[in-house]
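Peer 1: One predicted model, sequence on top.
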Amino acid sequence: MLENYSAAVQAAIKIAKAKLGNRVQVSKGTAVYEGILMPRISQGSPDCIVLKMDSGYNIGIKFVKGVSIELSHTKEPAVPKVPVSESGVHEKPKFKTDSSKPTIAILHTGGTVASKVDYKTGGVASSFTPEDIIGMFPEIAEFANIKSRLVRNMWSQDMRFPHYNILAKEIEKEIRAGARGIVITHGTDTLHITSAALSFALENLSVPVILAGSQRSSDRGSSDAAMNLINAVFFAATADFPAVGVCMHSSSSDDRCWILPACKCRKLHSSRRDAFRPVNSYPYAFVDYRTRKIDWVSKPTKTPGPFRLKLFNEKIKVGILRFRVNMFASEFLFYKDYDGLIVETSGLGNLPTSEIDEFTKEHTKILKSLEELVKGGTVVALSPLAIYGRLNLNVYENQRALQSIGILGNFSDMTTDTSYIKLSWLLSNYPKEAKELFGKNLRGELSDRTEVFFV
Amino acid sequence: MVVDYEAVGFKCGIEIHNRLSTHEKLFCSCIPKLSAEKPNFTITRRLRPVAGEMGRVDVAASYEFLRDRTFHYQCFPNITCEVERDEEPPHPLNMEALTVAIQVCKLLGSRIVDEVHVMRKTIIDGSNTTSFQRTALIATGGIISTSLGPVRIQAISIEEESAGIVEQKEDRVVYRLDRLGIPLIEISTFPEVKSAAHAREVSEKLGMIVRSTGKSQRGIGVTRQDINLSVKGGKRVEVKGVQELDLMETLIEKEVLRQVELMKIGKSEEETRVAQPDGTTVFSRPLPGGERMYPETDVPPISLLPNFLASIQTPETFERKLARFQSILPKDLAEQVLKSDYLDIFESFERSPEHVLIASVLTNTIKDLRRKGIPVESIQDSQLRELLSALELKKIAKEAVPQLLEKLSRNPEMPLSTLPMQQFSEEDLRKLVKKVFQKWPALVGEKKFPALMGEVMKEARGKIDGAVVKTVLEEELNK
């Protein structure tokens, strides 16, 4: 933990026989600073010794010639002696299993729901144990017997297909062991991608699988983690909901969460609590934080057939290419070794494929490269860059050219991330039928009607 | 009842908190001022206790949590953004505020740290949407000289102002977010304050030091004092939020007497109390410990390099300012200007031929208006300067100043040019009097004062004080 200090500071600390957490005196000229020697974060000056003063403030004192460190002989100010767990909760929670309550399995994948200060990076890091989570949110034990396990401790941007498979298997294990519902804590950046992936991987699901995250880290009293997690557990423990859903703040207020469709929602703000919004869909329900009342908007129905896993082929390669002005054919051809490609198009489904003057010769090449991709076996599908709304390739002339070379996605109202997950999953499980199935609704990801929903 | 401070073993330290008039708030680019507009929407939040850096939940924090309240935050157009709502991480620390703090450190001879670490101080009474106040220690040590000898400075820090309270009920508190995040400088002294009167002197001097940077906000509530005090054998009590220095003395006296009474029955408790308008205090919560501080990981530490520190100019000390003012102003007026909120404005008119008049406007006139409940704080600096320039150039009469200031206070957005600026100067008045005399020579001959007064007032009414008209008319008539 001394690692972020410079070699000179490390040596001086060693000579003083001091350790992190020791009370030390740092003398600089006539000034003597006394406090607890703290670890350094990676930002700032490695030459500065960080002390926590009795007032609680941290300060940095630059280690230059004439500065000395020694162990202090002053006693630390007395602090109340209480058993302290890592999260700061005074006692480890003790929960008795109550047979009248349903069992909820909480599977943690890291992220802000379970985070606190990391001295290595200076940022917030996921480092709470699952037991600490129960300690932090004791309400969840009121309506369920809680099982809690850390599946992976990772940032959500580090997710890969194998992690979806691990998660799906863990969920299956818990369902077979009798869980009434599953709650997954997840970093928010890719939460809606995991929710889509799980809804494809978990076929004929019979219990609620609810993903919850937090936008403001749980090391602060104002974190949205508590409301999202407590509401998610409550919903999983009580609702008739045989599907995957996302439970997050529906507004900036701590009043109610909404349960969003796994395949028809996305993160639409980098930091706000209500970053997750339904896209071309209603939310399923609202859960009131205070009254714990569930207000339904629409209910998913259970698909017939036995519950089973349909996992991702970890070797499948699908890309996403976003439309922009001034594109080049080589960008499209880059994906010729890929199994699939989602192209985010402008408007109703437009790509720069028309040569209208001497400056647009590249566009003919783009159209040819798309044709080459499709002929070479890469499944190409379109999705709307505009986020909201549905593609319609019958409106403009140039779009018909795209249809005729075998590009998919006409009438799709799926988000890009859902299109990406769906295509990857289809290529994993139904490589021959993938093209046909892409345009069929399998998990509520595609609708014939575009819902009018204003937030 | 007179308190013998030495006999009761009075120990007292003071913390002053002073809002800074920087261009932006401490951790976002909102304007650091209170909104005159209505809130455009309100959000509702709940808070939970969290552990401090050393891994223990703070006693005060838990206590507040047990009250299970909801907090309602009013948001204002242009003055609150996602940072105040705790919907976006803080932006980098405001370097202008840091510079002001360093100037104050230089004036007090404090030892500035080499690296500033922004901390989160747990406060879950809802006055911060985050559940903590961002604060950073800038320096330790330093000395302020007083009539009763030097008082040592313990620490100087900069921190976020909290949200302003609008309404408080048992289970819900309404706050306004415009105030949240305004930069505050906090200066705390060692417990070396010797009496209530001394406490007032120390507070006044610390306030003057902040004002001498020219970056202090002005008006009621801009400076707040927290008083830490104890009597022999008793526990430390922190009284928060003392806004008026006049009240401060009464409050300390009453609290000492309360403490002495408690000692007799052996019930002294360590706690935080809040100052009441009548100078008494009421219990607020158990005293929070150092446990409630943990690092603000969203703001990287800031190295204060020698070159940067050297580039910051030390403002003139107030002793030197006083000496300078005394050479041009009557002694009392010089001292009043020094203690005034408008010190920096006076300084820009110091060389004006009307500097005595301007000093008097900035102290006596403003004080009178404030006493009448007129919101003089809302007058913008630029307007005040424009008005004083007009006064200097005799475009307006000094008699018209209170009336003009009152108008500006009530209509802060009104351009000065739309106010009745063509006020009569004494010179104008004398011209008018002469004109009336020429028109009515008979009345002059008969010295018909009331009739002449009536004629002059026909034109002068509302533009100059009647008493002045009377004096001038008498003078001219008796020439």
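Peer 2: Here it is on my side, so go on. Note that this is a predicted model, so its numbers are computed, not measured. Numbering: from 1, shown residues only, chains lettered A, B, ... in the order given.
Peer 1: can you give me the strands for the stretch 151-300 of chain A?
Peer 2: With DSSP state E, counting those that start in this stretch as the definition, the stretch 151-300 of chain A shows strands at residue ranges A:181-185, A:202-203, A:209-212, A:244-249, A:256-261, A:265-267, A:276-278, A:285-288, A:294-296.
Peer 1: what's the answer for the stretch 201-350 of chain B, then?
Peer 2: B:223-230, B:237-242, B:271-275, B:281-286, B:293-295, B:302-303.
Peer 1: Show the pLDDT at the residue nearest in space to the middle of chain B.
Peer 2: Nearest residue to the geometric centre of chain B (CA atoms, centre = their mean): residue B:222, 3.0 Å. pLDDT for residue B:222: 88.
Peer 1: which one is it nearest to, not counting chain neighbours?
Peer 2: Nearest in space to residue B:222, with sequence neighbours left out and distances taken as CB to CB, 6 or more residues apart in numbering or on different chains, is residue B:19 at 4.7 Å. The way it works is simple: take the backbone N, C-alpha and C, and place the C-beta from them, glycine included.
Peer 1: where in the chain is pLDDT low?
Peer 2: By default, I'm working from chain A. A:1, A:75-96, A:111-133, A:453-455 (pLDDT under 70).
Peer 1: my question was about chain B
Peer 2: Within chain B, the stretches with pLDDT under 70 are B:1, B:50-67, B:284-291, B:416-423, B:462.
Peer 1: from what I can see the residue nearest to the centre of chain B touches residue B:215, true?
Peer 2: No: contact criterion CB atoms under 8 Å: residue B:222 and residue B:215 do not qualify, at 11.7 Å.
Peer 1: okay but residue A:34 is in contact with residue A:72, surely?
Peer 2: Yes: between residue A:34 and residue A:72 a contact is recorded at 5.6 Å, counting by CB under 8 Å.
Peer 1: Count the neighbours of whatever residue of the stretch 301-450 of chain A ends up closest to chain B for me.
Peer 2: Scanning the stretch 301-450 of chain A for proximity to chain B using CB to the nearest CB identifies residue A:387 as nearest, at 20.4 Å. Residue A:387: 14 surrounding residues under other CB atoms under 10 Å in any protein chain shown.
Peer 1: repeat for residue A:325
Peer 2: Residue A:325: 6 surrounding residues under other CB under 10 Å.
Peer 1: Which single residue of the stretch 301-450 of chain B ends up nearest chain A?
Peer 2: residue B:301 (3.5 Å).
Peer 1: is it true that residue A:62 touches residue A:45?
Peer 2: Yes: between residue A:62 and residue A:45 there is a contact at 6.9 Å, judged by CB under 8 Å.
Peer 1: Quickly list what's touching both of these two.
Peer 2: B:114, B:115 (CB atoms under 8 Å, 6 or more residues apart in numbering or on different chains).
Peer 1: helices or strands up against the strand ranked longest in chain B?
Peer 2: Longest strand of chain B, by residue count under DSSP state E: strand B:149-160. In terms of contacts (3 or more CB pairs under 8 Å, 6 or more residues apart in numbering or on different chains; DSSP states H and E), strand B:149-160 is packed against helix B:95-108, strand B:132-140, strand B:143-146, strand B:183-189.
Peer 1: closest one to residue B:293 among these?
Peer 2: When the helices and strands packed on strand B:149-160 are compared by CB to CB, strand B:132-140 sits nearest residue B:293, at 8.1 Å.
Peer 1: tilt between that closest one and helix B:95-108?
Peer 2: Angle of strand B:132-140 versus helix B:95-108, following axes from the mean of the first three to the mean of the last three CA atoms, to 10 degrees, is 40 degrees.
Peer 1: chain center to strand B:132-140: distance?
Peer 2: Distance of strand B:132-140 from its chain centroid, counting by CA atoms, centre = their mean, to the nearest Å, is 20 Å.
Peer 1: what about that strand, near chain A?
Peer 2: Yes: Strand B:132-140 lies within reach of chain A by CB under 8 Å from any CB of the partner chain, at B:132, B:135, B:136, B:137, B:140.
Peer 1: In space, what's closest to the second one - neighbours in sequence excluded?
Peer 2: Spatial nearest neighbour of residue B:135, chain neighbours left out: residue B:159 (3.6 Å); criterion: CB to CB, 6+ apart.
Peer 1: What is the burial count for that neighbour?
Peer 2: For residue B:159, the count of nearby residues is 21 (other CB under 10 Å).
Peer 1: Any chance of the backbone angles for the one residue in the stretch 101-250 of chain A that gets nearest to chain B?
Peer 2: Using CB to the nearest CB, the point where the stretch 101-250 of chain A gets nearest to chain B is residue A:221, with a distance of 2.8 Å. Dihedral pair for residue A:221: phi -60, psi -20, per degrees, to the nearest 10.
Peer 1: That one and residue B:126, how far apart?
Peer 2: Applying CB to CB, to the nearest Å, the value for residue A:221 to residue B:126 is 10 Å.
Peer 1: ditto for residue B:78
Peer 2: In terms of CB to CB, residue B:78 sits 24 Å off from residue B:126.
Peer 1: okay, these two: which has more neighbours?
Peer 2: The neighbour count for residue B:78 versus residue B:126, taken as other CB under 10 Å, is higher for residue B:126 (27 against 11).
Peer 1: So the more buried one is in contact with residue B:173, correct?
Peer 2: Yes: with contacts counted by CB under 8 Å, residue B:126 reaches residue B:173, the gap being 5.2 Å.
Peer 1: Which parts of the stretch 201-350 of chain B are helices?
Peer 2: Counting by DSSP state H, counting those that start in this stretch, the stretch 201-350 of chain B has helices at residues B:245-265, B:306-311, B:318-326, B:331-339, B:343-348.
Peer 1: same thing with chain A?
Peer 2: Per DSSP state H, chain A carries helices over the ranges A:7-15, A:130-136, A:140-143, A:161-176, A:191-201, A:225-238, A:329-333, A:361-375, A:397-404, A:416-429, A:434-438.
Peer 1: Any chance of a markdown table for the strands of the stretch 201-350 of chain B, columns mean neighbour count?
Peer 2: Shown next, in a markdown table, are the strands of the stretch 201-350 of chain B (neighbours: other CB atoms under 10 Å in any protein chain shown):
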| stretch | mean neighbour count |
| --- | --- |
| strand B:223-230 | 22 |
| strand B:237-242 | 21 |
| strand B:271-275 | 19 |
| strand B:281-286 | 16 |
| strand B:293-295 | 24 |
| strand B:302-303 | 19 |
